[in-house]
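Asks: From the sequence below, what's the structure:
(one chain, ligands or ions: 1)
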Amino acid sequence: MNTTILSKDKDPMGSAIQDYFNHGKAGKLRVLSSQFDEDEIPAKTLFRNMSQMPRLEKEALRLATGRILDVGGGSGCHSLALQEMEKEVCAIDISPRSVEVMKQRGVKDARLQNLFDPSFTDTFDTILLLMNGSGIIGKLSNMPVFFMKMKQLLRPGGTVLLDSSDLKYLFEDEDGSFLIDLAGDYYGEIDFQMIYKGVEGDSFDWLYIDFQTLSLYAAEYGFKAELIKEGEHYNYLAKLTLN
Ligand code: SAH
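Replies: Numbers count the residues shown, from 1 in each chain. Predicted coordinates:
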């Protein structure tokens with residue numbers, strides 16, 4: 001599990017966020033993967049406001065109570081919406097440029113911090129992981145570390161709210177059968193690399209997880225997983241609470 005922060009010259013998403021914040025527009029934020037065709041994230045979507053957010057995210061913001069941790073805050077879109085709702089939020093991100101923008105946009109408590117850094121020992125009532133928030137877990141083999149960290153950061157009665165997608169649909173054949181190699185790696189384990197203008201980030205692991213698999217792991221580590229809402233595209237919002 002990676003516990004470091006990004007260096008400024010290897011922070012493509014942060015560079016795009018900074019450009020969009022400073023100039024109202026940004027170039028192409030390219031997303032490469034060994035498993036998929038090249039894709040692109042429009043910087044504008046990273047600046048979505050409450051009315052532009054998908055239903056699942058709005059629901060997560062509504063359910064968040066007490067002291068909230070926004071993990072991987074990005075441009076600060078969720079933290080700013082929570083502050084507008086008069087909620088108390090701390091945003092963390094490993095992207096130095098994103099944290100600068102969050103501060104400039106008025107996120108009151110924005111920190112350059114890796115979730116998995118052992119020195120991060122604050123406590124929270126709600127932990128939010130949004131925009132395929134399970135991605136930060138990286139691989140299924142990191143589940144023990146993830147749940148241990150959630151246990152450490154959660155106050156009694158606290159909850160984790162995260163969204164994810166079941167990527168099974170990508171492996172569906174025209175006749176409806178699935179082409180998943182059950183002996184291989186879990187089909188939601190994806191590698192990505194981002195590139196923005198001349199800035200090339202390192203490749204990183206990003207986990208998409210179906211709700212059933214998430215529930216099984218949650219149970220193993222003493223959590224209960226609840227399906228709060230399903231989205232339009234095999235995506236869902238889940239709530240994890242300590243048993
Ligand atoms: N939540 C934002 C951004 C999502 S992109 C939104 O919905 O728009 C994921 C973010 O998580 C990126 O900004 C990335 O830098 C950050 N991130 C990735 N791994 C992290 C980790 N281990 N700890 C904290 N932040 C992390």
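
Asks: For the ligand, what's its nearest residue on this protein.
Replies: As assessed by Cβ to the nearest ligand atom, the ligand sits closest to Gly72 within the chain, at 2.2 Å. Every residue, glycine included, has its C-beta placed from N, CA and C.

Asks: Pretty sure Asp93 is one of the things that residue touches, is it not?
Replies: Yes. In this structure, Gly72 is within contact of Asp93 by Cβ atoms under 8 Å, at 5.7 Å.

Asks: and these two? which has more neighbours close in?
Replies: Asp93 (29 against 21; other Cβ atoms under 10 Å).

Asks: so what's that one bridging to?
Replies: Note on Asp93: beta-bridge partners by DSSP bridges are Leu112.

Asks: Now do Met102, the pLDDT please.
Replies: Per-residue confidence (pLDDT) for Met102: 98.

Asks: Please disregard the earlier target; I meant Val99.
Replies: On the pLDDT scale, Val99 gets 98.

Asks: same thing with Lys239?
Replies: 98.

Asks: what does the chain put close to the ligand?
Replies: 13, 46, 71-74, 77-78, 92-95, 98, 114-116, 130-131, 136 (Cβ under 6 Å from any ligand atom).

Asks: can you do 5 Å?
Replies: Leu46, Gly72, Gly74, Asp93, Ile94, Ser95, Asn114, Leu115, Leu130, Met131, Ile136 (Cβ under 5 Å from any ligand atom).

Asks: who's in contact with the fourth one?
Replies: By Cβ atoms under 8 Å, 6 or more residues apart in numbering, Asp93 lies in contact with Gly72, Gly73, Gly74, Val99, Met102, Ala110, Arg111, Leu112, Gln113.

Asks: Let me have those residues in a markdown table, adding distance to Gly176 as columns.
Replies: Shown next, in a markdown table, are these (distance: Cβ to Cβ, whole Å):
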| residue | distance to Gly176 |
| --- | --- |
| Gly72 | 35 |
| Gly73 | 40 |
| Gly74 | 36 |
| Val99 | 45 |
| Met102 | 44 |
| Ala110 | 46 |
| Arg111 | 47 |
| Leu112 | 47 |
| Gln113 | 45 |
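
Asks: Name the member of these that has the highest neighbour count.
Replies: Met102 (29 neighbours).

Asks: Go through the helix or strand hosting it and flag the buried ones.
Replies: Using DSSP states H and E, Met102 sits within helix 96-105. By neighbour count on 16 or more other Cβ atoms under 10 Å, the buried set for helix 96-105 is Arg97, Ser98, Val99, Glu100, Val101, Met102, Lys103, Arg105.

Asks: quick revisit: most neighbours out of the residues of the chain next to the ligand, which is it?
Replies: Asp93 (29 neighbours).

Asks: Give me the pLDDT for that one.
Replies: Reading off the model, Asp93 has pLDDT 98.

Asks: now it: how far from Ala16?
Replies: For Asp93, the distance to Ala16 (Cβ to Cβ, to the nearest Å) stands at 14 Å.

Asks: shared neighbours of those two, anything?
Replies: With Cβ under 8 Å, 6+ apart as the test, Asp93 and Ala16 reach no residue in common.

Asks: residue ranges for the strands of this protein, please.
Replies: Using DSSP state E, the strands of the chain run over residues 29-32, 39-41, 67-71, 88-93, 110-112, 124-129, 154-165, 189-196, 199-200, 204-207, 223-230, 235-242.

Asks: how about CSV for these, with distance to Leu182 added?
Replies: Formatted as CSV, the strands of the chain follow (distance: least, Cβ to Cβ, whole Å):
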stretch, distance to Leu182
strand 29-32, 27
strand 39-41, 27
strand 67-71, 31
strand 88-93, 36
strand 110-112, 40
strand 124-129, 27
strand 154-165, 20
strand 189-196, 14
strand 199-200, 35
strand 204-207, 18
strand 223-230, 22
strand 235-242, 22
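
Asks: for those strands, which one sits closest to Tyr20?
Replies: In terms of Cβ to Cβ, the element of these nearest to Tyr20 is strand 29-32, at 9.3 Å.
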